[in-house]
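[1] the sequence and its predicted three-dimensional model are supplied below.
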Amino acid sequence: MTLVAGVDSSTQSCKVVIRDAETGELVRQGRAPHPTGTEVHPSHWWTALLQAIEEAGGLDGVAAISVGGQQHGMVCLDESGEVVREALLWNDTRSAQAATDLITEQGGPQAWADAVGSVPVASFTVTKLRWLAENEPANVACTAAVCLPHDWLTWRLLGALESGPFSVAAWADAPTPPLDRLVTDRGDASGTGYWSPASGSYRTDLLKAALGTVPLLPRVLGPVEPANDGPILVGPGTGDNMAAALGVGARSGDVVVSLGTSGTVFAVAETPSADPAGLVAGFADATGRFLPLVCTLNAARVMDAAARIAGVGLDELSALALQAPPGADGLTLVPYLEGERTPNRPTATGSVHGLTLATSTPAHLARAAIEGMLCGLADALDALSMQAERVLLIGGAARSEAVRRIAPTVFGLPISVPPPAEYVADGAAYQAATLVTTSPDWRSGDAETYTGDPLPSLRARYHRATTHILD
Ligand SMILES: Nc1ncnc2c1ncn2[C@@H]1O[C@H](COP(=O)(O)OP(=O)(O)O)[C@@H](O)[C@H]1O
Ligand SMILES: O=C(CO)[C@@H](O)[C@H](O)COP(=O)(O)O
């Protein structure tokens, strides 16, 4: 049996799956947590990856591996390959003003949409680099290369594989390759703000405008182009949303709603998109096509926060939410707990509206938190402007029964929930399989369909509430 490994190095944790390359059968898996915070030293991702690989039983029998990673994070390396400073993650909003400035300087949102398919917000790497230029010029001076989280892990894997077989101790300090062996893929490159999905090339002019200099950038590999020639092939990898699209087998007509740390709504498209309103990011996917995507900053962690307030675990929160009626008797929670990206409100805070004696119960709070989180995603689905034939719900928070049952009411649509799985890691593993087998025939279990009566007044009240939030 030929095995392949897929990695999901996402915001909260690293997951590794090892699957049969031909059939996709899950053979073994592992996971390890990442530190909290929006500024993280990449060495923590490496440590977590090694732990997760070890928990997955190592790499014996693995012929190829690919990494899916959280998008946009700014990783700066010096000439010797050392990390210059902690990486700024996609959910770090300190570069919001830099985003506004860059948009103005380049002639407005339309100019950015035309240039790179997206209008930058604080999440995008290009805005983080402008922040660096304005606040840490000494770090700019030492930066010889800039890459993304998945690029950095791929590069570390290349060095480690050349140093010998996997063991946590041997790979912990494995040598790193020269900087010119950094690689990326179209999907993740399209989240930088200086790579154009439409032309398939870097816009170093935009990078220079942001950072004042053009460091070395990773070479963009094709969708089935390995980064090495063995002993274990390393795939190009991709951004986590692009990997999820592969893992869930998203086809034309599908819209995927992913509820991880971020909430994302995306679809596979044949042509590039360019939304000057800045709601839809015009990303590339991992197959040579495109992935228009809307992202919110507040998804699964809204439930974590509500569970903390209610003093219960996530399963109990779910049970509580289902005790309250649809609409939570008017209790409305606007979930901008980390600011918000869509709509672009980086300094916003969350709020609760409609408190009465009757709605002051843990059950109402639980329901309002889930409904509020889903309202943000329903707006994202509207922004995508696609006639969805199927809405697929995935990600950590899709494990909550309340989320699955409330989603159809908020979205006003039936929702398909594929079997719980690590779809980002699975997509990365699938990419790895394409390197070692000509026609991987992977099938996942059937999705379960959830239906519910739409409640348009719920979203109307949510929209009214979003006009009364504090920054
Ligand atoms: N049964 C559940 N109910 C609600 N939330 C859950 C459940 N299981 C996991 N989660 C949440 O899912 C999140 C992790 O999801 P994941 O998709 O792995 O995130 P990320 O990819 O951003 O690291 C955590 O915030 C966790 O609390
Ligand atoms: O910024 C985006 C998409 O543009 C996020 O979706 C990140 O890619 C992080 O993903 P998760 O860790 O929440 O899966």
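    Looks like it arrived, so ask away. Numbers count the residues shown, from 1 in each chain. Ligands and ions are numbered 1, 2, ... in the order given.
[2] buried ones in stretch 256-276?
    If you call a residue buried by 16 or more other Cβ atoms under 10 Å, then stretch 256-276 has these buried ones: 256-269, 272-275. For every residue, glycine as well, the C-beta is placed using N, CA and C.
[3] if you could redo that for stretch 17-27, that was the one I meant.
    Across stretch 17-27, burial judged by 16+ other Cβ under 10 Å covers 17, 18, 19, 20, 21, 22, 24, 27.
[4] how near is whatever residue of the chain ends up closest to ligand 1 to ligand 2?
    In the chain, the residue found nearest to ligand 1 is residue 396; the distance is 2.0 Å by Cβ to the nearest ligand atom. Using Cβ to the nearest ligand atom, to the nearest Å, residue 396 is found at 8 Å from ligand 2.
[5] quick one: contacts for that residue?
    With contact set as Cβ atoms under 8 Å, 6 or more residues apart in numbering, residue 396 has these partners: 12, 259, 260, 300.
[6] among the residues you listed, which two are most distant?
    12 and 259 (12.4 Å; Cβ to Cβ).
[7] give the contact list for residue 410.
    Going by Cβ under 8 Å, 6+ apart, residue 410 touches 371, 374, 375, 377, 378, 455, 458, 459.
[8] isn't the second one right up against residue 407?
    Yes - using Cβ atoms under 8 Å, residue 374 makes contact with residue 407 at a distance of 5.7 Å.
[9] stretch 328-337 near ligand 1 anywhere?
    No - counting by Cβ under 6 Å from any ligand atom, ligand 1 is not contacted by stretch 328-337; separation bottoms out at 11.8 Å.
[10] distance between that stretch and the chain's centre?
    24 Å (Cα atoms, centre = their mean, to the nearest Å).
[11] hmm, back to that, contacts with ligand 1 among the buried residues of stretch 17-27, please.
    Filtering the buried residues of stretch 17-27 for neighbours of ligand 1 using Cβ under 6 Å from any ligand atom leaves an empty set.
[12] now, which of the residues you listed sits nearest residue 364?
    When the buried residues of stretch 17-27 are ranked by distance to residue 364 (Cβ to Cβ), residue 17 comes first, at 38.3 Å.
[13] is it true that residue 375 lies in a strand?
    No - the assignment for residue 375 is helix, going by DSSP: H, G, I helix; E, B strand; the rest coil, so no strand is present there.
[14] report how many residues lie close to it.
    Counted with other Cβ atoms under 10 Å, the burial measure for residue 375 works out to 23 neighbours.
[15] ok, the one 10 residues further on next?
    Residue 385 is flanked by 12 other residues according to other Cβ under 10 Å.
[16] cool, and residue 146?
    Residues within reach of residue 146, counting by other Cβ under 10 Å, total 26.
[17] can you check the pLDDT for the residue nearest to it when sequence neighbours are not counted?
    Setting aside the residues directly before and after it, residue 146 is nearest to residue 215 in space (Cβ to Cβ, 6 or more residues apart in numbering), at 5.0 Å. The confidence metric pLDDT takes the value 98 at residue 215.
[18] ligand 2 contacts on the stretch 251-400 of the chain?
    Residues of the stretch 251-400 of the chain that fall close to ligand 2, judged by Cβ under 6 Å from any ligand atom: 260, 261, 262, 264, 281, 293, 295.
[19] just those residues: which are in strands?
    Using DSSP state E, the subset of those located in strands is 264, 281, 293, 295.
[20] now those in CSV, with pLDDT?
    Written out in CSV, the entries for those read as follows (pLDDT from 0 to 100):
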residue, pLDDT
264, 98
281, 98
293, 98
295, 98
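[21] of those residues - the most surrounded one?
    Tallying neighbours with other Cβ under 10 Å puts residue 281 at the head of those, with 32 neighbours.
[22] which one is that one nearest to, not counting chain neighbours?
    residue 118 (4.3 Å).
[23] ranges for the helices of the stretch 351-471 of the chain?
    With DSSP state H, counting those that start in this stretch, the ranges of helices along the stretch 351-471 of the chain come out as 362-384, 401-411, 423-436, 456-466.
[24] report the buried residues of the last one.
    Buried residues in helix 456-466, counted by 16+ other Cβ under 10 Å: 458, 459, 461, 462, 465, 466.
[25] which among the residues you listed gets closest to residue 140?
    Sorting the buried residues of helix 456-466 by how near they are to residue 140, with Cβ to Cβ, puts residue 466 at the top with 37.2 Å.
[26] thought the closest one was touching residue 333?
    No - under the criterion of Cβ under 8 Å, residue 466 lies out of contact with residue 333, with a separation of 10.9 Å.
[27] tell me the one among the buried residues of stretch 17-27 nearest to residue 59.
    Taking Cβ to Cβ as the measure, residue 59 sits nearest to residue 18 out of those, at 8.0 Å.
[28] confirm the closest one sits in a strand?
    Yes - per three-state DSSP, residue 18 lies within a strand segment.
[29] any idea how far it lies from residue 60?
    Taking Cβ to Cβ, to the nearest Å as the measure, residue 18 falls 9 Å from residue 60.
[30] now do residue 397
    Separation of residue 397 from residue 60 (Cβ to Cβ) stands at 34 Å.
[31] more neighbours, these two?
    Comparing residue 397 with residue 60 by neighbour count (other Cβ under 10 Å), the higher total belongs to residue 397, at 26 against 9.
[32] so for the more buried one, what's the pLDDT?
    Among the per-residue scores, residue 397 shows a pLDDT of 98.
[33] show me what contacts it?
    Counted by Cβ under 8 Å, 6+ apart, residue 397 has contacts 259, 260, 299, 300, 303, 373, 403.
[34] which of these fall within helices?
    Secondary structure from DSSP state H places 300, 303, 373, 403 of the contacts of residue 397 in helices.
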